[in-house]
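>>> Let me see the structure of the following:
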Amino acid sequence: MKISNHVYRKTVQASLRILGCYGMLFLSVQYAQAQTDKRMIRLAKIEVDPAQLNDYNAALKKQMQTAVRLEPGVLTYYAVADKKDPWRITILEIYADSAAYQKHIVTPHFKEYKTTVQNMVKKLELTDVNIIGSAKQPEL
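Numbers count the residues shown, from 1 in each chain. Below you'll find the model as predicted:
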């Protein structure tokens, strides 16, 4: 069966319109998700007095575990240390929203952590960030 050029062009145009609609829908969904993601995500870069590193790590672990256990708005903490300079610590903190963060910083366990480490921390840099992508293996 032979298709005329006119029918072929109309079919291609219709297909392109459909693909365009799907593309716009995909972009709209991505934009809407970005706009509705209220999470507060922060990187804390910390330099600790090397002589007090073990005490600092213990205080940090206690604070993180307590916050995740007691505060529904504290979603995630990842704390990592530089392999060469373990007193250089980076923490990824994820809160449900900025209100959850504001509640977090007035809790007794956070205040205890700040008091405990005030003379251990030599430098602190806080940076608010947005997640632009992620990938991970499925859990088994």
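
>>> for residue 54, what are its contacts?
For residue 54, no residue meets the contact criterion (C-beta atoms under 8 Å, 6 or more residues apart in numbering). (Each C-beta comes from the backbone N, C-alpha and C, glycine too.)

>>> Can you give the distance of stretch 129-140 from its chain's centre?
Centroid separation between stretch 129-140 and its chain, computed with C-alpha atoms, centre = their mean, to the nearest Å, is 9 Å.

>>> With stretch 52-66 instead?
21 Å.

>>> do the same with stretch 57-72
17 Å.

>>> got the buried residues for that stretch?
For stretch 57-72, burial by neighbour count (16 or more other C-beta atoms under 10 Å) applies to 57, 59, 60, 63, 64, 66, 67, 71.

>>> Show only the entries of those residues found in helices.
57, 59, 60, 63, 64, 66, 67 (DSSP state H).

>>> got these as CSV, with pLDDT and distance to residue 82 columns?
Below are those laid out as CSV (pLDDT from 0 to 100; distance: C-beta to C-beta, whole Å):
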residue, pLDDT, distance to residue 82
57, 98, 13
59, 98, 19
60, 98, 15
63, 98, 20
64, 98, 18
66, 98, 25
67, 98, 23
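
>>> Show me which pair in those is furthest apart.
Based on C-beta to C-beta, the longest span within these runs between 57 and 67 and measures 15.8 Å.

>>> Now do the closest residue to residue 75 other than its chain neighbours, the pLDDT please.
Among residues not flanking residue 75 along the chain, residue 94 sits closest, at 4.5 Å (C-beta to C-beta, 6 or more residues apart in numbering). Residue 94 is assigned 97 on the pLDDT scale.

>>> Kindly report the same for the one 5 residues further on.
In this prediction, residue 99 carries a pLDDT score of 97.
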